[in-house]
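Participant: The amino acid sequence is not available; the structure is as follows:
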C-alpha cells in the first residue's frame, strides 16, 4: 500500500507479535503458577496470582504516568522500544527460574513480583513506543488506515494466543 513503507509494515508486525506473546505469557503464567513445585510451578492460589498481576498493573501504571514521557523525550521511541523489549523478554525468561525459590517464600514473592512488574512496565514502554513508531513511519494520508490495521492485527493475534499457548503448555506439561 502506498504511503505505508517498509518500516510501517515492520512496526505493524512487531505490534502484532508483542500482543500475541504478551497474552500468551499471561495465559501460561496463570496455569503454570498453579502447579505444584515438583511439577515446575509455584503452588500459587488464584488469589496469589491476582496479587502478582495487581502488582504488575500498579507498576505499569506508575511507570507509564511518571517515567515514559520523559524517557521517550530523552532517548527517543526507537531506543525506548529496544530497551523495553529487552527488559520485557528478560523478565519473562527469568520467571520460570523463580520455581527454585519455592522453599523461600519471601524471596519467591519478591522475585515473582519484581519480574512481573518489570514485564508489565517495560512491556508497556515497548507497546507505547511501537504505537508511536507506527504513527511516525507512515504518511498522514494513511495514518488512520494503518492504525486500524495494526489494531485489527493485534486483536487477531490476541484472539489465538490463549488457545495456542494454553494448548502447547498442556501438551508439554503432560509429557
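Facilitator: Alright, I've got the coordinates. Source: prediction; values computed, not measured.
Participant: use CA for all of it now, contacts and neighbours both
Facilitator: Fine.
Participant: can you list the weak-confidence ranges in this structure?
Facilitator: The chain contains residues with pLDDT under 70 at 1, 174-175.
Participant: and the residue nearest the centre of it, how far is that from residue 137?
Facilitator: Geometric centre of the chain, nearest residue: residue 22, 3.6 Å, by Cα atoms, centre = their mean. The gap separating residue 22 from residue 137 is 24 Å, by Cα to Cα, to the nearest Å.
Participant: again, but for residue 89
Facilitator: Distance from residue 89 to residue 137, by Cα to Cα: 24 Å.
Participant: Would you check that residue 36 makes contact with residue 42?
Facilitator: Yes. At 5.9 Å, residue 36 counts as touching residue 42 under the criterion of Cα atoms under 8 Å.
Participant: Please say which of the two ends up with more neighbours.
Facilitator: Under the criterion of other Cα atoms under 10 Å, the comparison of residue 36 against residue 42 puts residue 42 first, with 24 against 14.
Participant: which stretches of the protein form strands?
Facilitator: With DSSP state E as the criterion, the chain has no strands.
Participant: Would you state the helices of it in chain order?
Facilitator: 5-34, 46-66, 68-75, 77-94, 105-136, 143-173 (DSSP state H).
Participant: Show me how far the shortest one is from its chain's centre.
Facilitator: Pointing back at helix 68-75 there. Distance of helix 68-75 from the chain centroid (Cα atoms, centre = their mean, to the nearest Å) equals 20 Å.
Participant: Excluding its own residues, what touches that helix? List them.
Facilitator: 80, 125, 129 (Cα atoms under 8 Å, 6 or more residues apart in numbering).
Participant: ok, and the most crowded of those?
Facilitator: Highest neighbour count within the contacts of helix 68-75: residue 125, with 28 neighbours (other Cα under 10 Å).
Participant: what are the phi and psi angles of residue 139?
Facilitator: With angles defined as degrees, to the nearest 10, residue 139 sits at phi -80, psi 160.
Participant: right, I mislabeled it, should have said residue 103
Facilitator: For residue 103, the backbone dihedrals (degrees, to the nearest 10) come out as phi -80, psi -10.
Participant: how much space between it and residue 42?
Facilitator: Counting by Cα to Cα, the gap from residue 103 to residue 42 is 10 Å.
Participant: now do residue 135
Facilitator: For residue 135, the distance to residue 42 equals 41 Å [Cα to Cα].
Participant: circling back to that earlier point, ranking the helices of the chain by mean neighbour count, which comes first?
Facilitator: Neighbour counts (mean count of other Cα atoms under 10 Å) averaged over each of these peak at helix 105-136, with a mean of 21.
Participant: quick one, it and helix 5-34 angle?
Facilitator: 160 degrees (axes from the mean of the first three to the mean of the last three Cα atoms, to 10 degrees).
Participant: Before I go, just wanted to say thanks for your time.
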